[in-house]
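Trainee: Sharing a sequence plus its predicted fold:
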Amino acid sequence: MPIVNSQPLFCSNFANYQFVNRMIPASELIINPDGSIFHLHMKPEQLAGNVILVGDPGRVEIVSGFFDTVTHSSHDREFVRSTGTYKGQRFTVLSTGIGTDNIDIVMTELDALANIDFATREVKPQHRTLNIVRIGTSGSMQEHIALGNYVLSTVSVGFDNTLCFYAGRETAGLPGFEEAFIRHMQWGRKMPYPYFVKSSDKLNRLFKDFTIEGMTISASGFYGPQGRVVRLPLADPGMNAKITAFEHDGRVITNYEMESSALAGLAALLGHEATTVCYIIADRKAQTADSGYKQSETAGRHSINHLIESVLTRLTAL
């Protein structure tokens with residue numbers, strides 16, 4: 001169920017950023033003529049308190065196939081959405097497409113649907129907290145994480161720069177990890193400054209018993225930014241070897257994907273609970289991949305379908 005608080009759950013320095021009694025201009029928050037938010041084409045009453053994010057628009061139908069009922073659906077560009085019920089609780093499933101730039105759109109508009117009065121264009125006096133879980137695919141960086149494993153991104157490493165455009169990036173980050181990583185990697189001054197951010201402890205506790213706890217890199221691309229070489233050489237050919245060898249405070253980097261850092265960071269700043277669980281489809285050290293993982297989606301344990309059902313079921317306990 002959604003959580004309603006009399007005070008926002010922003011990071012400690014962010015209470016003033018609620019902007020109470022500030023009217024948000026039409027150019028800053030675009031509302032469609034039908035009363036829906038600009039990109040997601042959703043109305044506030046169509047948003048459930050539990051939100052499942054998937055990258056692939058085609059996976060929305062798979063997730064909503066588990067629902068007992070579907071009450072609303074819409075699509076625009078890569079943003080496909082269904083809201084319904086699962087075991088008596090309301091859920092929204094939404095596709096984001098690929099990348100942290102899309103997560104910026106999705107998180108901002110989800111928060112607007114939850115916490116802005118569309119009639120007055122002002123922040124609501126009571127903050128609504130959403131439970132948001134991204135279910136994605138990923139490539140492992142460590143030998144103990146095999147194809148088909150589920151990795152829970154309790155910490156995410158942003159190779160993107162999305163969070164850097166918002167006040168409070170330092171508040172949301174883990175500076176000790178950042179400094180250790182930059183020293184270890186001998187990070188180039190022209191590279192985007194990496195940030196480390198925790199995901200929701202509350203949600204992570206729900207999923208720890210069937211996942212591997214991970215520290216996940218969100219890359220700004222699929223090829224070079226994840227150390228893949230096709231035709232273009234890399235700026236740092238040893239990047240992935242150094243990433244695999246990095247260790248700080250007993251933690252190692254476990255996997256690559258492309259969204260979890262912005263999701264965890266923006267959720268922390270906006271006062272929402274969010275985390276990422278990924279199905280491993282590539283082993284970067286062994287240089288192997290399960291390119292046919294979609295064809296086995298209806299298989300038993302260790303499949304995308306099993307992961308989806310496990311996440312949905314655990315969220316009903318909230």
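Mentor: Nice, thanks for sending it over.
Trainee: Now do the buried residues in the helix or strand where Glu61 lies.
Mentor: Assessed by DSSP states H and E, Glu61 sits inside helix 59-64. Buried residues in helix 59-64, counted by 16 or more other Cβ atoms under 10 Å: Arg59, Val60, Ile62, Val63, Ser64. For every residue, glycine as well, the C-beta is placed using N, CA and C.
Trainee: any idea how far Leu94 is from the fourth one?
Mentor: Applying Cβ to Cβ, to the nearest Å, the value for Val63 to Leu94 is 9 Å.
Trainee: For these two, list the residues in contact with both.
Mentor: Counting by Cβ atoms under 8 Å, 6 or more residues apart in numbering, the shared contacts of Val63 and Leu94 are Ile52, Val54.
Trainee: I'd assumed Gly136 was in a strand, is it?
Mentor: Yes. Judged by DSSP: H, G, I helix; E, B strand; the rest coil, Gly136 forms part of a strand.
Trainee: Let me know whether Phe177 touches Glu247 as I believe.
Mentor: No. Contact between Phe177 and Glu247 fails when scored by Cβ atoms under 8 Å: they sit 10.7 Å apart.
Trainee: which one of those two has more residues nearby?
Mentor: Phe177 (21 against 12; other Cβ atoms under 10 Å).
Trainee: So that one, which state does it fall into?
Mentor: Phe177 ends up helix, using three-state DSSP.
Trainee: what pLDDT does the nearest residue to it once chain neighbours are set aside get?
Mentor: Spatial nearest neighbour of Phe177, chain neighbours left out: Phe196 (4.0 Å); criterion: Cβ to Cβ, 6 or more residues apart in numbering. On pLDDT, Phe196 comes in at 96.
Trainee: how about the nearest residue to Tyr192, chain neighbours excluded?
Mentor: You called it Tyr, but residue 192 is Pro. Excluding its sequence neighbours, the residue lying closest to Pro192 (Cβ to Cβ, 6+ apart) is Asn161, at 4.9 Å.
Trainee: got it, and Phe79?
Mentor: Closest to Phe79 by Cβ to Cβ, 6+ apart is Leu40, at 5.3 Å.
Trainee: what's the answer for Thr120, then?
Mentor: Nearest residue to Thr120, sequence neighbours excluded (Cβ to Cβ, 6+ apart): Met23, at 7.0 Å.
Trainee: for this structure, which spans come out with low pLDDT?
Mentor: The chain contains residues with pLDDT under 70 at 1-21, 295-301.
Trainee: returning to what we had before: tell me who's in contact with the residue nearest to Phe177.
Mentor: So Phe196 contacts Val155, Ser156, Val157, Gly158, Gly173, Leu174, Phe177, Glu178, Phe181, Met215 (Cβ under 8 Å, 6+ apart).
Trainee: any idea how far Ala112 lies from Ile103?
Mentor: 15 Å.
Trainee: what's the burial count for Gly35?
Mentor: Gly35 - counted by other Cβ under 10 Å - has 12 other residues nearby.
Trainee: Look at it and tell me its secondary structure.
Mentor: Under three-state DSSP, Gly35 comes out as coil.
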